[in-house]
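[1] return atomic coordinates for the entry below.
(one chain, ligands or ions: 2)
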Amino acid sequence: MKKRAIAGIVDREVLDRLKREQGEVEERDQAPLSFHLIQRLFSFTAPYKRKMGWLMGLVLARALQMPVLAWAVGAIISGPVAQGDESALTWWVGGFLGFAIVTEITFAFRIKLALEIGEAVIRDVRAALFQHWLRLTMSYFNANPVGRLISRLTGDAENIRVGVQNVLFVSLVQVGQMLGCAIFMVLQDWVLFLLVLGMAPIVWVLNRYFRERLSKAYRQQSDSYSRITATMAESVSGIRVTQSFGRGEVNAGMFRDLVADHARINFVAARTSGTFLPLLELNGQLFMALLIVVGGWRVLNPEIAMPLGSMVQFFFLAGLFFSPITVLGNMFNEALTAMAGAEKVFAILDSEPEWEDPPDAVEIPGFQGRVEFRDVYFSYQPGRPVLRGIDFVAEPGQTVAIVGATGGGKSTLAGLAAKFYLPAAGVVQLDGIDTRRISGPWLHRHLAIVPQQNHLFGGTLLENIRLARPDATLEEVRDALRRLDCLDLFDALPQGLETGVGERGTALSLGQRQLACFARALLADPRILILDEATSAIDPITEKKTQEAMRRLLAGRTSFVVAHRLSTLRHADLVLVLDQGELVESGPPDELLERDDGRFRALWDEAGMAEL
Ligand SMILES: Nc1ncnc2c1ncn2[C@@H]1O[C@H](COP(=O)(O)OP(=O)(O)O)[C@@H](O)[C@H]1O
Ligand SMILES: [Mg+2]
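    Ligands and ions are numbered 1, 2, ... in the order given. Next comes the predicted model:
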């Protein structure tokens, strides 16, 4: 592959390097069979015991039926056909047809039951995964990009499903079929059977060789395919940047390269299977020829005088004996893939949340909203402290402005107050109680946050605002918007509050989305409110309009506001100035402004210049 390290194009080499740098091991696509994993996978079938019982019965029946049918064809030929007994022939053929129909009905039910069980198992696995994820803490989601989680839920779960649905049952049927055929063949003519047996390793080796090359080709195919879709997704979601920087031609050229590459890889895969299948067939023809020669000789030789019917039976039985070899090779492959999927999925189910509420977690009756940080340290990655020795007290109802350069730790501080993270050292107290001891779900009913990266779910505006309190009436929602002074703004939308927000909220402007998130937070009527650069995308005119309303709404709640507008800062009760994780100044704004060489004073002057 050519080296491509240009931004916006996903390159395997770049990806690999990134992975190595992040200390991530290359995820394997196949894993050895493990009894422990298989057992655990099948433990998911426990609720469907009865179905499993039926299925196993059908599997056994299938394994016997096929050889019996093959044997019957030979028996009919060497029996009634050879003897010209017409009435016996009718009975035999009738019986044969009857048995064949039963066989196919067994087949249909075998497939149906296996599909049902596989589908049920994977449904349970997916639900378990999702439920488990919701228990995990923020740090897990920081370390695991969403793409990886998606592939656990889709690709890996799919591989497990195929494994559960197919591998065991199909393999049992096939092995049974081989054994049954072998027994019939030995009974007929053990010399011919030895010939058949001698061919089996050749088919197996041929199979292994091509299978390995094919799976490598398929792997490259899927890699190159995901490169294409990733590039496409990136280009489309960044279409504005692409067009405005005139990158259209460049990106199109790269895309052509990627697609050409994909075509080449497809061709290799097709050529490999294009060689494999004819070779396998040729092998079959050679075998037939050999069987005719040896079998014919044994029929014609008066000393052996093998009946012609036996030879015909042999043809059918040998065919049935060989076809499972290819299928079993496939199954083996599917089993290894399912093992890798199971390994990854179970690793998630086994991952413990970094921390959990203690069993005696408390709720705070008559919650006031007093927030105290005492010598708080925090880091996302070991050895890289993000907050160092933070100390402050926010009294109930106070408005706390957090200011400082980007990357200073403002959002992190807010996250600690909201118990998204626990401090590495020191304590965060709400109403005098350590957040470690406070029930998370309870806290989150009394605390609302409008994060820096606000989020709207698919659905209408109304549904999104109601998220905080699903039982809120339309009037209550409208009232929240009215109190925010932005009801008219939303009513002016073509469908008002029923406007769909579109994928990731693209049907609304950034400012409108922020206001919607605002309304959502206020509807929850929380004791503590965190606004993390929540007004950054709202134009000054709208902001001025909503400002007075917002101040009224903030009154009576403890609120943390990350913002740099003078008007916000002026009305704060407490200002925290963060610089690279340290609290360099704190106090009421008026007091801080009096310090001539103060940090806040400098920020204030700069902001003043910017707003002039
Ligand atoms: N999820 C994360 N994983 C690792 N580091 C992070 C994460 N979030 C923030 N950081 C780092 O922590 C520091 C503070 O970030 P943040 O609190 O978002 O700053 P601010 O909100 O003041 O811009 C930055 O150096 C940032 O790189
Ligand atoms: Mg931030």
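
[2] what does this protein put close to ligand 2?
    Taking Cβ under 5 Å from the ion, the part of the chain that reaches ligand 2 is made up of K410, S411, Q452. Where you see a C-beta, it was placed from the backbone N, CA and C, and this is true even at glycine.

[3] which ones, among these, also lie beside ligand 1?
    When contact is defined as Cβ under 6 Å from any ligand atom, the residues of the chain next to ligand 2 meet ligand 1 at K410, S411.

[4] secondary structure for the residues of the chain next to ligand 2 - can I get that in TSV?
    Output for these, formatted as TSV (DSSP: H, G, I helix; E, B strand; the rest coil):
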residue	secondary structure
K410	helix
S411	helix
Q452	coil
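
[5] where's the dip in pLDDT among the residues of the chain next to ligand 2?
    Within the set of the residues of the chain next to ligand 2, pLDDT is lowest for Q452 (80).

[6] I'd like the distance between it and G94.
    For Q452, the distance to G94 (Cβ to Cβ, to the nearest Å) stands at 78 Å.

[7] which one's more surrounded, the two?
    Q452 (14 against 10; other Cβ atoms under 10 Å).

[8] just the CA coordinates for stretch 539-558, please, in CSV.
    Extracted in CSV, the C-alpha atoms of stretch 539-558 (Å, rounded to 0.1, in the frame of the first residue of the first chain):
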residue,chain,number,x,y,z
ASP,A,539,-25.6,35.6,19.2
PRO,A,540,-25.1,38.7,21.5
ILE,A,541,-28.6,40.0,20.7
THR,A,542,-30.4,36.9,21.6
GLU,A,543,-28.2,36.5,24.6
LYS,A,544,-28.9,39.9,25.8
LYS,A,545,-32.6,39.2,25.5
THR,A,546,-32.3,35.9,27.5
GLN,A,547,-29.8,37.3,29.9
GLU,A,548,-32.2,38.9,32.3
ALA,A,549,-34.4,35.8,32.2
MET,A,550,-31.5,33.6,32.8
ARG,A,551,-30.4,35.6,35.8
ARG,A,552,-33.9,35.1,37.3
LEU,A,553,-33.7,31.4,36.6
LEU,A,554,-30.3,31.0,38.2
ALA,A,555,-31.4,32.8,41.3
GLY,A,556,-32.0,30.3,44.1
ARG,A,557,-29.8,27.6,42.6
THR,A,558,-26.1,27.0,43.0
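
[9] i'd like the first residue to be 10 from this point on
    In the new count, where the first residue is 10, that last one comes out as stretch 548-567.

[10] so how far is that stretch from its chain's centroid?
    For stretch 548-567, the gap between its own C-alpha mean and the chain's C-alpha mean amounts to 40 Å (Cα atoms, centre = their mean, to the nearest Å).

[11] what does it rub up against?
    378-380, 403-409, 492-495, 498, 520, 524, 527, 531, 535-538, 544, 547, 570, 574, 576, 580 (Cβ atoms under 8 Å, 6 or more residues apart in numbering).

[12] kindly report the residues of the chain close to ligand 1.
    Residues of the chain lying near ligand 1 (Cβ under 6 Å from any ligand atom): N151, Y389, Q390, V395, G413, T415, G416, G417, G418, K419, S420, T421.

[13] between the residues you listed, which sits nearest ligand 2?
    Ranked by distance to ligand 2 (Cβ to the ion), these are led by S420 at 3.2 Å.

[14] state the distance from the closest one to Y234.
    Per Cβ to Cβ, S420 is found 37 Å from Y234.

[15] what are the boundaries of the strands in this protein?
    Along the chain, the segments classed as strands by DSSP state E run 380-388, 394-403, 408-413, 434-439, 442-443, 456-459, 537-541, 567-571, 583-588, 591-596.

[16] got the CA positions of the first one in CSV?
    The C-alpha atoms that make up strand 380-388 are tabulated as CSV, following Å, rounded to 0.1, in the frame of the first residue of the first chain:
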residue,chain,number,x,y,z
VAL,A,380,-20.6,22.7,47.0
GLU,A,381,-17.2,22.5,48.6
PHE,A,382,-13.9,21.4,47.0
ARG,A,383,-11.2,20.5,49.5
ASP,A,384,-7.7,20.1,48.1
VAL,A,385,-9.0,18.2,45.1
TYR,A,386,-6.6,16.5,42.6
PHE,A,387,-7.7,14.8,39.4
SER,A,388,-6.1,13.4,36.3
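
[17] strand partners (parallel or antiparallel) of it?
    Strand 380-388 has the following strand partners under DSSP bridges: strand 394-403 (antiparallel), strand 434-439 (antiparallel).

[18] and the longest one, average pLDDT?
    Averaging pLDDT along strand 394-403 gives 95.

[19] on that earlier part again, reformat the strands of the chain as TSV; add mean neighbour count.
    Formatted as TSV, the strands of the chain follow (neighbours: other Cβ atoms under 10 Å):
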stretch	mean neighbour count
strand 380-388	19
strand 394-403	18
strand 408-413	24
strand 434-439	19
strand 442-443	16
strand 456-459	24
strand 537-541	24
strand 567-571	25
strand 583-588	22
strand 591-596	18
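
[20] can you point me to the longest helix in this structure?
    Longest helix in the chain by number of residues, with DSSP state H as the criterion: helix 257-309.

[21] stretch 408-427: end-to-end distance?
    Stretch 408-427 stretches 16 Å from its first residue to its last (Cα to Cα, to the nearest Å).

[22] kindly report the same for stretch 45-61.
    One end of stretch 45-61 sits 19 Å from the other (Cα to Cα).

[23] now that stretch: buried residues?
    L46, I47, L50, F53, T54, Y57, M61 (16 or more other Cβ atoms under 10 Å).

[24] so how far is T112 from W100?
    W100 is 18 Å from T112, by Cβ to Cβ.

[25] and what of E312?
    38 Å.

[26] check G257 too.
    60 Å.

[27] which one's more surrounded, the two?
    Using other Cβ under 10 Å, the more surrounded residue of G257 and T112 is T112, with 17 against 13.
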